[in-house]
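Trainee: Structure for the following, please:
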Amino acid sequence: MVISSEPITQSDHPSDREPQIASEQAVQHSSAGPQTANDVEDKLLADIQSELPVATKTKLFQQLQLVATPRTVPVLAKMLSDTNLSHGARSVLEVLPGQVPNIALSRSLNETRKNQLIGVIGTLGNRRSRDAVPALIPMLTNTEVQVVTAAVSALGKIASDDALAALKGVACAIEPPLLSIDANVIPLAPRVRYRLNMGVVMDALLECSEAISQHGQTNAAAQLCAQLAASEVAPWPGRVAAIAALTRVDAAQAMPFVLNMLKQQSEALQALGASVARTMPSPALESLFTILYACPVHAQISVVESLADRGDPAVVPFLLKATRYPDPRVQAAAARSLAKFNPNTEIIQRLAELASGEGPQANAAIETLVAWPHEKADATILASLSSTNDSILAGLICAAGQRGLVDALPAIVRASSSENPRLRRAAIEALGRLGRHHEFELLQQQISKSSSAINLMAIAQALTEISRRLNQPEMAARSILAVLPAADEQTRVGLYDCLARLGGTTALNAVRQATASEDPTTKEHALNLLANWPDTSALDELIAIAKTEYNPACRAIVLRGITNLIVRPSARTPDQTLEIYAQAWQLALTSNEKKLLIQGLASLGSPEATNILGSCLSDPELQDEAAKGIVQSIVGLFIESPLKAREQIIQFRSANPAPQLRAELDALWNLIANPANAVNTWLIAGPYASDDLGLDQLLETPLSPEEPTVPVQWNPVPTTDGVPVVVIAPPPANQVVYLASCIVSDREQRAKLRLLARTPVRIWLNDVPVDAKFESPLKLDLQRLADVALRKGENRLVVKLPVPNKGALLACTVQATNPVRTQPFTKSDVR
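Mentor: Reported below is the predicted structural model:
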């Protein structure tokens, strides 16, 4: 037994629960008969009137609600003025049927004060007791604002004729008057007249209007709502509620108020007006859409979007009408809204008509035509293509092309020779999306006969797309090259773009010739195309141009192109890549040009590249970029040879480098060459890869080692050449691995965990994620520093390491006040 020195409070005493438990059991058996229920009722009332704690009595009141009869009313009525018991008594009286509770509650209005009085008023309102109205009306003259507020709300819930008349009297009496109608004004107390919340009065009046409308007094309800909606002193939220209520009763009478909201300058009010319009029946909407175009554009769009959100097919005719409004933005909103409904011939043909034009409405119409997943849309589009109406054919063909409707090709081929320019261009573009060999031959014939620059460009782009799809770039390149000499300057630029997208020998030769153009614009454009060529075949040409080109702007394009293409996949060996960089480095004439090459050299991770960068350390304009490149190159060199990387660190540290580079080299040295602090025993799990996920996504996606219940195969992984660095060879595809080690500490202590990696990593220590920060003031982006808490004994360190196509490395040290050591886990201990 545990003896507590704390006193037992009254509410904690075990005996306090006994009546509650006994009554719960009695209530459960009260259904056995009337006498049993009466006995339970009497027992509950007796317990409630005893000296039990208030908390216990609250539970007893809840049980009394289940068995109470009018017999309890006299007892409960005496409790209504009791601060502790009033709420519980009212909770029972509120659910009792009949008039007896109403009489008791009404009588207590003159016997209770403050919060108890407010509670009694609220209970009468919740009971919807019409007999209580005569007793509640005098409460409106009370000097306390809270009491009058409760009475107003209660009368609104009761909603009898007398209650409504009294509320109208209040609405006329408050300052400023909410209503100015002829009514019996309630003599409100002066302080109440100015402080009573107008919104509460409006809510009560609207509750009355709803009630009398349900009882068939629609005219009276509409009149009241209209008076509230027209009030110039009422707050807008209340007026909006009144307009919405009027819309439900008499939408035609609400129309002027809705239009007034839509014509306001405030977009918020326009949106509220649109939300009211959303509830209108079809006859009222017909009137609204006859004049909606005269409202501000934002209001028109809000109404269109609100109606679409109804999801009611009955609103489709109104949305179609909005597609013919004058403003293109409204047409666009209506076109997008139609995407929420099942397509039919009328919808599709109207959207096709919009799509055949230009502007935002055309783009929106195409979006909707393309977005529909329904097979019915495909069938309707194909059926509509038999139309001879050019005003819709262009849009239909655009939709067919973007939806991939190959069955539409016969109609598209016919349209490609149309005299209508818009229709012809749409057909040519669709042929580019859908065409195969037959359509390619047709376009070849058309491009040789085309006299229009616009058509020429459209055909060239279509030929390009088909050739790329068929993987036969030379076919299109020869056709484009044949029309190139006769094209105007602007068209030639576009044709060169097509050639660059195609790639291949013919296209490359044509663009290479354009780099010799005497026109500066054509020349720079051609150089940019070479700099972004789809493969590395333009690399030799760029190097050749760099040897003879002296224009600074052109040289910058060329050198940027070399660094761009050299990293593209190719069959070159690393030595051949280094040779190209070395040539480009020799050709770079200025510091700015060399800066373009530094990042690429650093990515090679070779001693030769690092030495080239080292030659820049004496150049004030290059030394900062070169220092960063040296560090990056050394880190990359670890993938190939940790020993060579170590030698390079020694080489550059001994050359008395600038303080910043020295600090970074020292940091590298401490990470990879300090066996006392290094984590040099690891287990590895993986690799894990996914064709659907990139490297960043793989890092963020929990995989098997992060799932406690999933079995994982862990295997030892050695460090390389005695250097405490884990090296993962370049993989065929992006992947991640998990590395695990054990840090042993002889006591609990704080430690600094430093990691070197070429990519972001995820770290866990003892199954808790570690937030690894970049170290400051060092600028070594690849070093991460974390303060961690080591527990006494073994500490599980797990690192999730991405492995890009250039390979990965990981070095890790732990610095603590007291020495720590690392040891391998057994495979079963990693989790």
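Trainee: Just want to check the distance between the spatially most central residue of the chain and Pro802.
Mentor: Residue closest to the mean C-alpha point of the chain, counted by CA atoms, centre = their mean, is Gln697 at 17.1 Å. Plainly put, Gln697 is 10 Å away from Pro802 if you go by CB to CB, to the nearest Å. For glycine as for every other residue, the C-beta is placed from the backbone atoms N, C-alpha and C.
Trainee: Which parts of the stretch 551-700 of the chain are helices?
Mentor: Taking DSSP state H, counting those that start in this stretch, the helices of the stretch 551-700 of the chain run over residues 552-565, 574-587, 591-604, 607-614, 623-640, 642-653, 659-672, 695-700.
Trainee: For the last one, list the C-alpha coordinates in PDB.
Mentor: Just to be clear, that refers to helix 695-700. Extracted in PDB, the C-alpha atoms of helix 695-700 (Å, rounded to 0.1, in the frame of the first residue of the first chain):
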ATOM      1  CA  LEU A 695      17.400  11.700 -56.200                       C
ATOM      2  CA  ASP A 696      15.800  14.400 -54.000                       C
ATOM      3  CA  GLN A 697      12.500  12.400 -53.900                       C
ATOM      4  CA  LEU A 698      14.400   9.300 -53.000                       C
ATOM      5  CA  LEU A 699      16.000  11.100 -50.100                       C
ATOM      6  CA  GLU A 700      12.700  12.300 -48.800                       C
END
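Trainee: which strands and helices sit next to that helix?
Mentor: Counting contacts by 3 or more CB pairs under 8 Å, 6 or more residues apart in numbering; DSSP states H and E, helix 695-700 packs against strand 735-745, strand 793-803.
Trainee: can you tell which of those strands is closest to Ile212?
Mentor: Minimum separation from Ile212 across those (CB to CB) falls at strand 793-803, 68.5 Å.
Trainee: Give me the buried positions along the closest one.
Mentor: Asn795, Arg796, Leu797, Val798, Val799, Lys800, Leu801, Pro802, Val803 (16 or more other CB atoms under 10 Å).
Trainee: And stretch 681-690, by the same measure?
Mentor: Thr681, Trp682, Leu683, Ile684, Ala685, Gly686, Pro687, Tyr688.
Trainee: average pLDDT across that stretch?
Mentor: Mean per-residue pLDDT for stretch 681-690: 89.
Trainee: contacts for it?
Mentor: Contact with stretch 681-690 is made by 697-698, 701, 703-705, 712-717, 719, 726, 731, 733-742, 803, 822-825, 827, 830, as judged by CB atoms under 8 Å, 6 or more residues apart in numbering.
Trainee: Buried members of the residues you listed into PyMOL, please.
Mentor: The buried residues among the contacts of stretch 681-690 can be selected in PyMOL (16+ other CB under 10 Å) with this line:
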select buried, resi 698+703+705+712+714+717+719+726+731+734+735+736+737+738+739+740+741+742+803+822+824+825+830
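Trainee: element containing the residue nearest to Asn197 when sequence neighbours are not counted, please.
Mentor: Leaving aside its chain neighbours, Asn197 sits nearest to Thr149 (6.6 Å; criterion: CB to CB, 6 or more residues apart in numbering). In the assignment (DSSP states H and E), Thr149 maps to helix 145-158.
Trainee: Give the other helices and strands that that helix contacts.
Mentor: Looks like helix 145-158 contacts helix 114-126, helix 133-136, helix 161-173, helix 190-195, helix 198-214 (3+ CB pairs under 8 Å, 6+ apart).
Trainee: Indicate which one of these is closest to Pro552.
Mentor: helix 198-214 (70.6 Å).
Trainee: Please point out which parts of the closest one sit buried.
Mentor: 198, 200-213.
Trainee: Likewise for stretch 433-449?
Mentor: In stretch 433-449, counting by 16+ other CB under 10 Å, buried: Arg433, Leu434, Gly435, Glu439, Phe440, Leu442, Leu443, Gln444, Gln446, Ile447.
Trainee: how near is Lys547 to Asn766?
Mentor: 60 Å.
Trainee: Show me which of the two is the more surrounded one.
Mentor: The residue with more neighbours, out of Lys547 and Asn766, is Asn766; 15 against 10, by other CB atoms under 10 Å.
Trainee: contacts for the host helix or strand of Phe289?
Mentor: Per DSSP H and E, Phe289 falls inside helix 282-291. Helix 282-291 is contacted from outside by 247, 251-252, 254-255, 258-259, 277, 280, 303, 307, 314-315, 318, 321-322, using CB under 8 Å, 6+ apart.
Trainee: Return the subset of those lying in helices.
Mentor: The helices, defined by DSSP state H, take in 247, 251-252, 254-255, 258-259, 277, 303, 307, 318, 321-322 from those.
Trainee: Can you show me the strands along the chain?
Mentor: Listed in chain order, the strands of the chain (DSSP state E) span 682-688, 715-717, 725-728, 735-745, 749-757, 762-765, 768-770, 773-774, 783-790, 793-803, 808-816, 820-823.
Trainee: which one of these lies closest to Ala667?
Mentor: strand 783-790 (5.7 Å).
Trainee: relative to helix 659-672, how tilted is the closest one?
Mentor: Counting by axes from the mean of the first three to the mean of the last three CA atoms, to 10 degrees, strand 783-790 lies at 50 degrees to helix 659-672.
Trainee: by contact count, what packs against strand 783-790?
Mentor: helix 659-672, strand 749-757, strand 773-774.
Trainee: can you pull the contacts of Leu319?
Mentor: Counted by CB under 8 Å, 6+ apart, Leu319 has contacts Val304, Leu307, Ala308, Ala334, Ser337, Leu338, Phe341.
Trainee: wait, Thr536 sits on Ser570?
Mentor: Yes. Counting by CB atoms under 8 Å, Thr536 touches Ser570, with 4.7 Å between them.
Trainee: Looking at those two, which one has more neighbours?
Mentor: Neighbour count, other CB under 10 Å: between Thr536 and Ser570, Thr536 has more, with 18 against 14.
Trainee: Quick check: that one vs Ile566, distance?
Mentor: 7 Å.
Trainee: Also Ala77?
Mentor: On the measure of CB to CB, Ala77 and Ile566 end up 94 Å apart.
Trainee: Thank you kindly, that will do.
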